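[1] What follows is a predicted protein model with its sequence.
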Amino acid sequence: MGLIKYRLGDLIKQRREKNRDYDVPIRGVTRDGFIPPKVERVDVNTFIVFYYNDFVFNATRMELNSIVLNNVYEKGLCSPLYSMFYITKKEILLPEYLNLYLKRDEFARRCRMLGFGSAHHKVTVDDLGEIDIFLPPLPIQQKYVAIYNAMLANQRAYERGLEELKLTCDAYVERLRREMKHTAIGGYIERHDVRNSDNSIRNVKGISVYKQFRDPTSKVNTKELSNYKIVRPRQIGFVQTTHNEKVFAFAFNSTSDDIVVSSVNEVFATDEDRLLPEYLAMFFSRSEFDRYARYHSWGSARETFTWNDLREVKIPIPDIGVQQSIVDIYTAYLTRREINEKLKAQIKDICPILIKGSLEEASA
C-alpha cells in the first residue's frame, strides 16, 4: 500500500473564532489534557472557541507536549493565548492518528527546535504546517488508533474504579467526622529534629504540593546534607509555609529507608498504639484540611502553619482497629493510584511504537 509524504500544512487549518456563547466549558491545556481555568471569574469576551476534534495547544509550551485533541466537548472556550487547528482532509489523516504522532517525545523535541527559532520561543500553526509527515493509508491508521483506544478505555475503566474506592474511603472518614468527638492531635504526636550530622544519608527529598516526597531541585548540594533533618520510616514531614504552596504540603515516609529533608521543614512521628500515621495522613490529604491550614496561617507574617498550629488540629480518633480498617481501604487506593499512573505512562510510551508499527506495515 505504501507511504505518502504530505506537508502537514496542506492537511490542517488554523481556527480563530471569537466567543459569542457563554454557556460552554472553559479549559486550559497541559500535556495530560484539559484542565479547569486557574481563575474562576474571567472575562470570556476575548476568549476563542474550539470544537470537537480540534487540536488546542499552548504555543510557548510545545516542547513539553502541551497539546490536546478535543474528543470530549462539542464546543468549548480557551484563552486567546492558546492556538488551535483542525484537520481539513480527514479522508487522508485521522485526528486520532495525528494525536498519536504529536504525543511522542520526538515531536516535542522537534517543537523545541522550532521554538528556539522564534523571538518568543513559540510554535505557531504555521510552524507546524511546515512539517513533512509520512502517512499510511486510512485503514492502517484506523487499525493502530483502535489499539490505542482499547488501551485507553482499559485505563479509564481502571481509573473509574479507583475513584469509587476513593469515594468509599472519603465517605467512611466523613461519617467519623460527623459522628465522633474531635480530639486535638497534640497528645498523639512527637516532634523529631534529628540532623544528618555525619552526612551519611544521601537520600535527600523535597516535599511536594501533591503530598508526597519528590526528587530535590538542582539547587540542592547533595554532597553537603549534614544540616538536613532525618525522616525515619513511618514518620511524617511537612512544609510550614502555605503562601507559595497554597496547600498543606506533607509527605509520609512509607519506605524502609531514612530520608533527609530541608531543615526548614518539620518532622514528627505518631504514637502508633493510639494513632496510625496513615490514618492521620488521610486527613492531611483532604482538600478541607488544605483550607484549614491556609486559614490558620494567614495571621502570621509569612503565612506559616507551625508545629504548634498542628498540635491544635482536632480530628476524630477511633480505636486502632477502626483506624486500621480505614487505612486498609486507603492503602488499597494508593496502590491502585500508583498502578494507574504507570498505566498512563505506558499509554504515552506506546504512541511512538504504534506510529512505527503503522509505518512499517504500510511499507511492507
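    Structure's in. What do you need? Since the model is a prediction, treat every value here as computed from it, not as a measurement.
[2] Select the helix or strand of the chain having the lowest average pLDDT value.
    helix 105-116 (a mean of 84; mean pLDDT, DSSP states H and E).
[3] the domain parsing of the chain - what is it?
    Using automatic domain parsing, the domains assigned to the chain come out as 4-135, 181-317.
[4] Using JSON lines, please lay out those domains together with mean neighbour count and distance to residue 350.
    All C-beta atoms are positioned from the backbone trio N, CA, C, and that covers glycine. Formatted as JSON lines, those follow (neighbours: other CB atoms under 10 Å; distance: least, CB to CB, whole Å):
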{"stretch": "domain 4-135", "mean neighbour count": "16", "distance to residue 350": "9"}
{"stretch": "domain 181-317", "mean neighbour count": "16", "distance to residue 350": "25"}
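[5] Now residue 90: which helix or strand?
    Here residue 90 sits in a region with no helix or strand, counting by DSSP states H and E.
[6] For the least confident helix or strand of the chain, give me every contacting residue.
    60, 62-65, 101, 121-123, 127-128, 131, 352 (CB atoms under 8 Å, 6 or more residues apart in numbering).
[7] Please apply the same query to stretch 47-57.
    Residues contacting stretch 47-57 (CB under 8 Å, 6+ apart): 12, 15-19, 21, 24, 26-27, 29, 34, 66-71, 73-80, 82-87, 95, 98-99, 102, 123.
[8] coming back round to it: quick one: which of the contacts of helix 105-116 is nearest to residue 213?
    Comparing the contacts of helix 105-116 against residue 213 with CB to CB places residue 64 closest, at 23.1 Å.
[9] what sits against the closest one?
    Here residue 64 is in contact with 31, 108 (CB under 8 Å, 6+ apart).
[10] Dump the domains of the chain to JSON lines, plus distance to residue 173.
    Output for the domains of the chain, formatted as JSON lines (distance: least, CB to CB, whole Å):
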{"stretch": "domain 4-135", "distance to residue 173": "25"}
{"stretch": "domain 181-317", "distance to residue 173": "6"}
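[11] for the ones you listed, which one sits closest to residue 346?
    That would be, of the domains of the chain and by CB to CB, domain 4-135, which comes in at 12.8 Å.
[12] relative orientation of the longest helix along the chain and helix 105-116 in degrees?
    Taking DSSP state H as the criterion, the chain has its longest helix at helix 320-363. Interaxial angle, helix 320-363 versus helix 105-116 (axes from the mean of the first three to the mean of the last three CA atoms, to 10 degrees): 80 degrees.
[13] list the helices and strands helix 320-363 packs on?
    helix 95-102, helix 138-179, helix 277-284 (3 or more CB pairs under 8 Å, 6 or more residues apart in numbering; DSSP states H and E).
[14] Show me the one of those that comes nearest residue 222.
    helix 277-284 (26.8 Å).
[15] gap between the closest one and the chain center?
    With CA atoms, centre = their mean, to the nearest Å as the basis, helix 277-284 stands 21 Å off its chain's centre.
[16] ok, then the element right after that helix?
    Tracing the chain past helix 277-284, the next element assigned as helix or strand by DSSP H and E is helix 287-295.
[17] quick check: mean pLDDT across the helix or strand just after that next one?
    Counting by DSSP H and E, the next helix or strand C-terminal to helix 287-295 is helix 307-311. Computed over helix 307-311, the mean pLDDT rounds to 95.
[18] switch to numbering from 519
    New numbering, starting at 519: the last item is helix 825-829.
[19] gap between helix 825-829 and the chain center?
    Using CA atoms, centre = their mean, the offset of helix 825-829 from its chain centre is 29 Å.
[20] repeat for stretch 578-588
    Per CA atoms, centre = their mean, the centroid offset for stretch 578-588 relative to its chain is 15 Å.
[21] Check stretch 783-790 too.
    Relative to its chain's centre, stretch 783-790 lies at 27 Å (CA atoms, centre = their mean).
[22] Excluding its own residues, what touches it? List them.
    Applying CB under 8 Å, 6+ apart, the external contacts of stretch 783-790 come out as 706-712, 725, 747-750, 752-758, 779, 794-795, 798, 824-825, 828.
[23] Next step: the residues you listed restricted to strands.
    When DSSP state E defines the strands, the subset of the contacts of stretch 783-790 inside them is 707-710, 725, 747-749, 754-756, 779.
[24] Max pairwise distance over those residues: which two?
    708 and 725 (19.0 Å).
[25] Please identify which of the contacts of helix 623-634 is nearest to residue 806.
    Nearest member of the contacts of helix 623-634 to residue 806, counting by CB to CB, is residue 582, at 31.8 Å.
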